[in-house]
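> Provide a 3D model corresponding to the input given below.
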Amino acid sequence: CRRPLIKESMSGEEIETRGAAAGAEMERLLTVATRSLPVFAMRPGCRPGQNISLHLFEPRYREMVRRVMATEDHLFIFASSSPEEGKRGTVVELEGATRVQNGSYDIRGTALETVELQQVWVEPDTGGLHYANVHLQHPSLPPLQPDLPRQDA
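The predicted structure follows:
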(Lines give C-alpha, C1' and ligand atoms only; values in the text may rest on other atoms or scores of the structure.)
Protein backbone atom coordinates (compact mmCIF):
# COMPACT_ATOMS: atom_id res chain seq x y z
CA CYS A 1 0.00 0.00 0.00
CA ARG A 2 1.48 3.36 -1.03
CA ARG A 3 0.96 6.53 0.95
CA PRO A 4 -0.33 9.52 -0.96
CA LEU A 5 2.29 12.20 -1.62
CA ILE A 6 -0.04 14.97 -0.49
CA LYS A 7 -2.45 14.50 2.33
CA GLU A 8 -5.96 15.03 1.06
CA SER A 9 -6.84 17.23 4.04
CA MET A 10 -4.19 19.83 3.10
CA SER A 11 -5.64 23.01 1.74
CA GLY A 12 -4.54 24.51 -1.55
CA GLU A 13 -2.94 27.32 0.44
CA GLU A 14 -0.90 24.83 2.50
CA ILE A 15 0.28 23.06 -0.63
CA GLU A 16 1.26 26.38 -2.22
CA THR A 17 3.12 27.50 0.93
CA ARG A 18 5.06 24.23 1.13
CA GLY A 19 5.89 24.39 -2.58
CA ALA A 20 7.20 27.95 -2.18
CA ALA A 21 9.30 26.92 0.83
CA ALA A 22 10.74 23.96 -1.09
CA GLY A 23 11.52 26.25 -4.05
CA ALA A 24 13.28 28.73 -1.74
CA GLU A 25 15.37 25.94 -0.21
CA MET A 26 16.33 24.65 -3.66
CA GLU A 27 17.35 28.16 -4.73
CA ARG A 28 19.48 28.51 -1.58
CA LEU A 29 21.19 25.17 -2.18
CA LEU A 30 21.94 26.10 -5.79
CA THR A 31 23.73 29.28 -4.68
CA VAL A 32 26.23 27.48 -2.44
CA ALA A 33 29.50 27.62 -4.30
CA THR A 34 33.12 26.75 -3.72
CA ARG A 35 35.21 29.87 -4.19
CA SER A 36 38.91 30.65 -4.05
CA LEU A 37 39.42 33.85 -2.06
CA PRO A 38 42.50 35.69 -0.79
CA VAL A 39 43.13 35.56 2.96
CA PHE A 40 44.08 38.48 5.22
CA ALA A 41 45.32 37.25 8.62
CA MET A 42 45.47 39.38 11.78
CA ARG A 43 44.33 38.94 15.36
CA PRO A 44 41.64 39.13 16.58
CA GLY A 45 39.83 38.57 13.25
CA CYS A 46 36.21 39.67 12.95
CA ARG A 47 32.64 38.42 13.23
CA PRO A 48 29.72 38.49 10.79
CA GLY A 49 27.92 41.83 10.82
CA GLN A 50 30.98 43.79 11.91
CA ASN A 51 32.16 46.85 9.99
CA ILE A 52 35.84 46.55 9.07
CA SER A 53 38.37 49.38 8.68
CA LEU A 54 42.00 48.45 8.01
CA HIS A 55 45.22 50.11 6.89
CA LEU A 56 47.06 47.60 4.66
CA PHE A 57 50.70 48.30 3.95
CA GLU A 58 52.39 44.91 3.33
CA PRO A 59 53.01 44.28 -0.38
CA ARG A 60 51.01 41.02 -0.34
CA TYR A 61 47.97 42.76 1.12
CA ARG A 62 48.26 45.68 -1.30
CA GLU A 63 48.15 43.04 -4.05
CA MET A 64 45.11 41.50 -2.33
CA VAL A 65 43.24 44.83 -2.45
CA ARG A 66 43.99 45.27 -6.16
CA ARG A 67 42.80 41.73 -6.91
CA VAL A 68 39.66 41.98 -4.78
CA MET A 69 38.65 45.34 -6.28
CA ALA A 70 38.99 43.79 -9.76
CA THR A 71 36.33 41.16 -8.98
CA GLU A 72 32.59 41.57 -9.30
CA ASP A 73 31.71 40.77 -5.68
CA HIS A 74 34.78 42.25 -3.85
CA LEU A 75 35.18 39.38 -1.34
CA PHE A 76 38.13 38.24 0.78
CA ILE A 77 38.62 36.20 3.95
CA PHE A 78 39.65 37.76 7.27
CA ALA A 79 41.31 35.11 9.47
CA SER A 80 42.46 35.57 13.06
CA SER A 81 45.65 33.54 12.56
CA SER A 82 47.89 32.14 9.86
CA PRO A 83 45.62 30.41 7.33
CA GLU A 84 45.54 26.63 7.52
CA GLU A 85 43.13 24.02 6.25
CA GLY A 86 40.33 23.43 8.76
CA LYS A 87 40.65 26.82 10.47
CA ARG A 88 37.85 29.35 10.28
CA GLY A 89 37.73 32.83 8.82
CA THR A 90 35.12 35.44 8.00
CA VAL A 91 34.19 36.48 4.48
CA VAL A 92 34.34 40.26 4.11
CA GLU A 93 32.81 42.35 1.34
CA LEU A 94 35.22 45.16 0.48
CA GLU A 95 33.12 48.32 0.13
CA GLY A 96 35.85 50.86 -0.45
CA ALA A 97 39.60 51.28 -0.77
CA THR A 98 41.63 54.48 -0.77
CA ARG A 99 45.20 54.33 -1.98
CA VAL A 100 47.47 56.39 0.26
CA GLN A 101 50.46 58.29 -1.14
CA ASN A 102 52.98 55.64 0.01
CA GLY A 103 51.10 52.89 -1.89
CA SER A 104 49.31 51.42 1.11
CA TYR A 105 45.49 51.18 1.27
CA ASP A 106 42.85 52.22 3.75
CA ILE A 107 39.93 49.84 3.28
CA ARG A 108 36.46 49.42 4.70
CA GLY A 109 33.99 46.57 4.42
CA THR A 110 31.41 44.42 6.12
CA ALA A 111 31.94 40.93 7.53
CA LEU A 112 29.36 38.59 6.01
CA GLU A 113 29.72 34.99 7.15
CA THR A 114 32.05 32.56 8.89
CA VAL A 115 33.57 29.84 6.72
CA GLU A 116 35.97 26.93 7.11
CA LEU A 117 39.20 27.22 5.13
CA GLN A 118 39.79 24.36 2.75
CA GLN A 119 42.78 23.73 0.50
CA VAL A 120 45.01 26.67 1.52
CA TRP A 121 47.98 27.76 -0.62
CA VAL A 122 50.30 30.70 -1.27
CA GLU A 123 49.61 32.27 -4.64
CA PRO A 124 52.82 32.52 -6.76
CA ASP A 125 54.39 35.95 -7.37
CA THR A 126 52.38 37.71 -4.63
CA GLY A 127 54.94 38.03 -1.87
CA GLY A 128 53.19 35.42 0.28
CA LEU A 129 49.47 36.10 -0.26
CA HIS A 130 47.43 33.11 0.88
CA TYR A 131 44.32 31.87 -0.87
CA ALA A 132 41.78 29.33 0.37
CA ASN A 133 38.84 27.48 -1.08
CA VAL A 134 35.63 28.01 0.91
CA HIS A 135 31.96 27.05 0.58
CA LEU A 136 30.18 30.36 0.32
CA GLN A 137 26.50 31.24 0.53
CA HIS A 138 25.33 33.96 -1.85
CA PRO A 139 25.34 37.09 0.36
CA SER A 140 22.28 38.72 -1.25
CA LEU A 141 19.82 35.95 -0.44
CA PRO A 142 17.36 36.57 2.40
CA PRO A 143 17.51 34.20 5.37
CA LEU A 144 15.39 31.09 5.02
CA GLN A 145 12.05 30.81 6.76
CA PRO A 146 11.86 28.09 9.40
CA ASP A 147 10.80 24.65 8.15
CA LEU A 148 7.08 24.05 7.99
CA PRO A 149 5.85 21.30 10.34
CA ARG A 150 5.62 17.88 8.71
CA GLN A 151 2.32 16.11 8.40
CA ASP A 152 2.26 12.34 8.26
CA ALA A 153 -0.01 10.76 5.69
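> that's a strand at residue 45, yeah?
No. Counting by DSSP: H, G, I helix; E, B strand; the rest coil, residue 45 falls outside a strand, being coil.
> what's in contact with stretch 40-55?
Outside of stretch 40-55, the residues within contact range by C-beta atoms under 8 Å, 6 or more residues apart in numbering are 56, 61, 64, 76-83, 89-90, 92, 100, 104-114, 130. C-beta: built from backbone N, CA, C; applies to glycine.
> of these, which belong to helices?
Assignment to helices by DSSP state H places the following of these there: 61, 64.
> need the buried ones from the contacts of stretch 40-55 selected in ChimeraX.
Filtering these down to the buried ones (16 or more other C-beta atoms under 10 Å) takes a single ChimeraX command:
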select :56,61,64,76,77,78,79,83,89,90,92,104,105,107,109,110,111,112,130
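> after the helix or strand of the chain with the lowest mean pLDDT, next one along is what?
When each helix and strand of the chain is scored by mean pLDDT, DSSP states H and E, helix 12-30 comes last, with a mean of 72. In the C-terminal direction, the helix or strand that comes right after helix 12-30 (DSSP states H and E) is strand 33-41.
> neighbouring strands of that next one in the sheet, and parallel or not?
strand 75-79 (parallel), strand 130-136 (antiparallel) (DSSP bridges).
> and for the first one, what's in contact with it?
Read that as strand 75-79. Contacts of strand 75-79 (C-beta under 8 Å, 6+ apart): 35, 37-42, 45-46, 52, 64, 68, 83, 87-94, 111-112, 115, 117, 132, 134, 136.
> for the protein, what are the low-confidence residue spans?
Applying pLDDT under 70 to the chain picks out residues 1-10, 25-32, 138-153.
> if we use 80, what do you get?
1-12, 14-15, 19-33, 136-153 (pLDDT under 80).
> who are the neighbours in contact with the most centrally placed residue in it?
Nearest to the geometric centre of the chain sits residue 136, at 4.1 Å (C-alpha atoms, centre = their mean). Going by C-beta under 8 Å, 6+ apart, residue 136 touches 32, 33, 34, 35, 37, 75, 91, 113, 115.
> and the residues you listed, which are buried?
So, by 16+ other C-beta under 10 Å, the buried ones in the contacts of residue 136 are 35, 37, 75, 91, 115.
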